[in-house]
Each structure stands twice: as structure tokens, then as C-alpha cells.
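1. Okay, here's the prediction I keep looking at, along with the sequence it came from:
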Amino acid sequence: MDRREFVILGLGTMAGMLTGCSSLVATPVTPVAGKVRLTVRNFPALSRPRGALKILPQGQETPLYVLAEDDGGYAVLSPICTHLGCTVDVDGATLLCPCHGSTYDRRGRVLRGPAERPLRRYPSHLSDGVLEIDLREAA
């Protein structure tokens, strides 16, 4: 195998791996005055029932999950488990902590411990197809 074939094979393998891990990739976003504005139609995952988008606001180390709710609204949550700080994974109707099994609903409420506190939630408001997320007022 020559160098060119090796590079082409390697790139093809990496592309396949990234496709399988697309849920791990955060979309960079730029806050303005402490708020992020997302045009929902630009993110197909947010138009699907139980859709999820991972965003990384500029200047923050931790991404956020933007979750489409069954009622047409959205929840914006920190993915950091309130038990010991592991990163939870979105799994359909729930968010699961891979470290100790804490389970949260899509609004961040604890369904099963050991976590006792809900995930940190950021206020959001949908108007004219634009979801505004306030990064300054997480609860």
C-alpha cells in the first residue's frame, strides 16, 4: 500500500467513525449579550419529536443540550450530572449518567438516583421560529 492509498483509507475510516459519533459533536454558537439565538429551521434535529442538539457557546467549556419537548417547546440543559459531575447522554425520553446510573427526564428532573438535584436548566423562549436561550439565568 502506498502513502496515497493509506491516507485515503484512513480518511474513509475516520469519516465512518465520525458519522457514528455525530451526537458527540457540539455546534459552536456565539452569544450576544449573554443570549444565544437559534433559528430552529436551521437545525433539523430540533424539528423532530425528541430531537436533540448539542451546542457549545463561545467562551464556555461545557456544552449544553437543546431538547425538543413533546409539547412543541424546548428545554436547554447542562449535561453535567448533579451527583458527581459526569456527562449525561441523551437516550430518547431520558438522559442517563454513564457513571452511576442517575436518570433524568428531558426537563432535567431526577427520575432515579443517586443524583438528588435536577440538571441545571437554562431559560429559553421561542418566538417566530427563533429560540432564545438566556445563559445568564440558569436554574
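-> The structure has been received and is ready for your questions. Residues are numbered from 1 along each chain as shown.
2. does the closest residue to Val88 other than its chain neighbours have beta-bridge partners, and which?
-> Distances taken as Cβ to Cβ, 6 or more residues apart in numbering place Leu95 nearest to Val88, at 4.3 Å, with adjacent residues excluded. For every residue, glycine as well, the C-beta is placed using N, CA and C. Following DSSP bridges, Leu95 is listed with bridge partners Val90, Tyr104.
3. hang on, isn't Leu95 packed against Pro79?
-> Yes - counting by Cβ atoms under 8 Å, Leu95 does reach Pro79; the two are 7.5 Å apart.
4. still on that earlier bit, read off the pLDDT value for the residue nearest to Val88.
-> As predicted, Leu95 sits at a pLDDT of 94.
5. Could you tell me how many residues sit around it?
-> Neighbour count for Leu95, taken as other Cβ atoms under 10 Å: 25.
6. that older thread, determine the residues that are contacts of both of Leu95 and Pro79.
-> Shared contacts of Leu95 and Pro79, defined by Cβ atoms under 8 Å, 6 or more residues apart in numbering, are found at Tyr65, Val88, Leu119.
7. so of the residues you listed, which ones are in strands?
-> Among those, the ones falling in strands (DSSP state E) are Tyr65.
8. show me the contacts for Val36.
-> Per Cβ under 8 Å, 6+ apart, neighbours of Val36: Val29, Thr30, Ile55, Pro57, Glu132, Ile133, Leu135.
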